[in-house]
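[1] Sharing a model prediction with you, sequence too.
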Amino acid sequence: MAGKPLLRVVNVKKSFGDKVVLDGVSLTLNKGETKVIIGPSGTGKSTLLKSINRLVVPDEGEIWLEETEIIRCKNINAVRQKIGYVFQDFGLFHHLTALENVMIGLTKVKKMPKKEAVEKARYELNRVGLSGIEDLYPAQLSGGQKQRVAIARALAMEPKLMLFDEPTSALDPELIGEVLAVMKELAESKMTMLVVTHEMGFARSVSDEIIFIEKGKIVEQTSPEKMFRDPEHQRTREFLFKLKDLYGEGGE
Amino acid sequence: MLDALALIQKSLPTLLEGTFVTIKLTILIVAMGLILGLILAFCQIYGSKPLRIAVAIYDRIFRSIPELVLLLLIFYGMPGIGLRLSPFYAAVVALGLRAAAYMGQIFRGSFMSVGSDQLTAAYSLGMSEYKAFIYVIFPQAMRAFIPPFANEYAIILKDTSLAYAIGVVELLRQGQYIITVEYEPLPIFLAIAGIYFVLTFGVARLLKKLENKLKIPGIGV
C-alpha cells in the first residue's frame, strides 16, 4: 500500500485575530490508518479537523485528499461528500427521524432514488447497532444513540475519510462505550480515521499513531506504545499524566 | 331583545360586505408583511453591515410610530410628495410596512432558533448553503414561526379597524353607517365585535392545529 497518502496536511496555519490557533501543522494519513489527536483544549485540534473539510479556511498551507487540494478547490461540496464528519454535539437534524437523518445526504446531495436511500440508510443504522429506532426523532434518542445515528449518516455517504471531533465528550459515561465500540469496529474494517479524543483506551488499542498537539503545533507524533511508555517530550509526559489522572490508565 | 336580533339580521349583509373588505385588508397586509419581512430578515442575517444598519433603522422607525399616525401620514402626507393612494391602498401600505418590521423580527428569530450545529452538519454532508437552508433550516424555522405569527396575524386583523380613520369602508365603518341610520349602537357594535372575534379566534385555532400537527416528537415545545 505504498504510494501517496490519502490525506496530506502540509504546514497549515490559522489565526483568529491575534490568536494563532494552528501554527504550521503537517501530518499524513494513509488509507486504512487511524490516528488520534490529543492535546489541551484550545490548542487547535478542532480547528485542524474543521480545516480538513474547510468548515474553517486556513490562512496558509495545503491540504490534499488524494489528488484534490482542499483549501483552494472550486467545488468544496464534492470534497465534503468524501469526508465524513462526526461532531461533539451530534448535529442531527431535529425535524427528521433517525432514518431520514441518514437518508438526507443520499437523496438531497447524492441524488439517490428514495427507495435505494431507504435501504442504504437501514443498512448503515444496522451497522452501528441501531435497528429498530429508524422512526424515532433525535429528541427521543439517548446521547449514545444520537451519536451513532450521526456516524451512520456520515458513513452512508461512503466517505474516504472519517473525522471525529471529540465524539464522546458530550456523552454520559455509561454511553461512551457503545460509540467507541462502533468506532473501533470501523477502524478494524480499515476505514481511514482521524479522531480527536481523550479516550486513552481507544487511542491505545485502535490508533496507528497518536498526535499530541499543543499551542497550534504538533509536539509529538508516534505509535501508542511509545507515546504511553516513553514519550520524547517532557510536555507530552505531563499531559498524558494529567489525562491518566482524569480518565484512568486506558488499559483495555 | 328580539328587535336587536332583527336589526342585526337586517344589517348582516352590509356588515359582511365590510367584513369582506376587512379580510381583504388583512390578507394584503399579511402578505406584504411576510414578503417584506422575509427580505428584511435575510438582509439582517446575511447582509453586509450597511444593509444590516439600514434594516435596524427601518425596524426602529416602524416599530416606534403609532399606526394611526402612519396611516394619516401616508394617506394625507404622501400626496405632498406626489404619492396619492386610495384609502384602501394607503391602509395596506401603512399597516403593511409596520407588519413587515415585526414579521422580519419573527422570521429572524425563527431562523436563528435552528442551532448552528445542524447547519455545520449539513455543510459537512456536502450540502450547499441553499440546500442547507431549504432542507434543514427552513422546515424547523417554520415550526418556530407559527406561534408568533398567529399572534401577529391577530394584531394585524384587529388593527385594520384603524383604516376607519382614513375612510376605508371596512367592517367598523359599515357598522358606523348602519348606526347613523338606525341609532342602535349597542347591537351593531356587539355584532362587529363578534365578527372580529370569530375571525381572530377561528384563524388562531387553525394555526394552533397546524402547529400541533407539525410538532416534532420528543420535543416538548
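    Received, thanks.

[2] any weak-confidence spans in the stretch 101-250 of chain A?
    A:248-250 (pLDDT under 70).

[3] At the contact with chain B, which residues of it appear?
    A:104-105, A:108-109, A:136-140, A:150, A:153-154, A:157 (Cβ under 8 Å from any Cβ of the partner chain). For the C-beta atoms, the positions are set from N, CA and C on the backbone; glycine is no exception.

[4] most neighbours, which of those?
    A:Arg153 (32 neighbours; other Cβ atoms under 10 Å in any protein chain shown).

[5] The nearest residue to that residue once chain neighbours are set aside: helix or strand, and which one exactly?
    Among residues not flanking A:Arg153 along the chain, A:Val102 sits closest, at 4.7 Å (Cβ to Cβ, 6 or more residues apart in numbering or on different chains). Using DSSP states H and E, A:Val102 falls within helix A:98-104.

[6] For the closest residue to A:Gly216 other than its chain neighbours, give me the pLDDT.
    Closest residue to A:Gly216 apart from its sequence neighbours, by Cβ to Cβ, 6+ apart: A:Asp23 at 3.7 Å. Among the per-residue scores, A:Asp23 shows a pLDDT of 95.

[7] partners of the one helix or strand A:Asp23 maps to in the sheet?
    Element membership of A:Asp23, judged by DSSP H and E, is strand A:19-29. Strand pairing for strand A:19-29, using DSSP bridges, gives strand A:7-16 (antiparallel).

[8] Quick check: buried residues in the partner strand?
    A:7-10, A:12-14 (16 or more other Cβ atoms under 10 Å in any protein chain shown).

[9] helix or strand right after the strand holding A:Asp23?
    Counting by DSSP H and E, what follows strand A:19-29 is strand A:34-38.

[10] Determine the set of other helices and strands touching that following strand.
    Strand A:34-38 sits against helix A:45-52, strand A:192-196, helix A:200-206, strand A:209-214, with contacts defined as 3 or more Cβ pairs under 8 Å, 6 or more residues apart in numbering or on different chains; DSSP states H and E.

[11] how about a cut-off of 7 Å?
    Counting contacts by 3 or more Cβ pairs under 7 Å, 6 or more residues apart in numbering or on different chains; DSSP states H and E, strand A:34-38 packs against strand A:192-196, helix A:200-206, strand A:209-214.

[12] How about residues contacting the last one?
    Around strand A:209-214, the neighbours that count as contacts under Cβ atoms under 7 Å, 6 or more residues apart in numbering or on different chains are A:27, A:35-40, A:43-45, A:203, A:218-224, A:227, A:235-236, A:239.

[13] Nearest residue to the closest residue to chain B within the stretch 101-250 of chain A in space, ignoring adjacent ones along the chain?
    Across the stretch 101-250 of chain A, the shortest distance to chain B (Cβ to the nearest Cβ) belongs to A:Ala139, at 3.0 Å. Nearest residue to A:Ala139, sequence neighbours excluded (Cβ to Cβ, 6+ apart): B:Gly218, at 3.0 Å.

[14] ok, the closest residue to B:Glu184 other than its chain neighbours - contacts?
    Excluding the flanking residues, the one nearest B:Glu184 by Cβ to Cβ, 6+ apart is B:Leu7, at 5.7 Å. Contacts for B:Leu7 (Cβ under 7 Å, 6+ apart) come out as B:182, B:184, B:187.

[15] again, but for A:Gly91
    Applying Cβ under 7 Å, 6+ apart, the residues contacting A:Gly91 are A:150, B:117-118, B:120-121.

[16] Quick check on those residues: which are buried?
    By neighbour count, with 16+ other Cβ under 10 Å, the contacts of A:Gly91 hold A:150, B:118, B:120-121 as buried.

[17] Relative to A:Met193, which of those is nearest.
    Ranked by distance to A:Met193 (Cβ to Cβ), these are led by A:Ala150 at 14.4 Å.

[18] Just to be sure, which of the buried ones among the contacts of A:Gly91 are found in helices?
    A:150, B:118, B:120-121 (DSSP state H).

[19] circling back to that earlier point, and which of the contacts of A:Gly91 is nearest to B:Met78?
    Out of those, the member with the shortest distance to B:Met78 (by Cβ to Cβ) is B:Gln118, at 44.5 Å.
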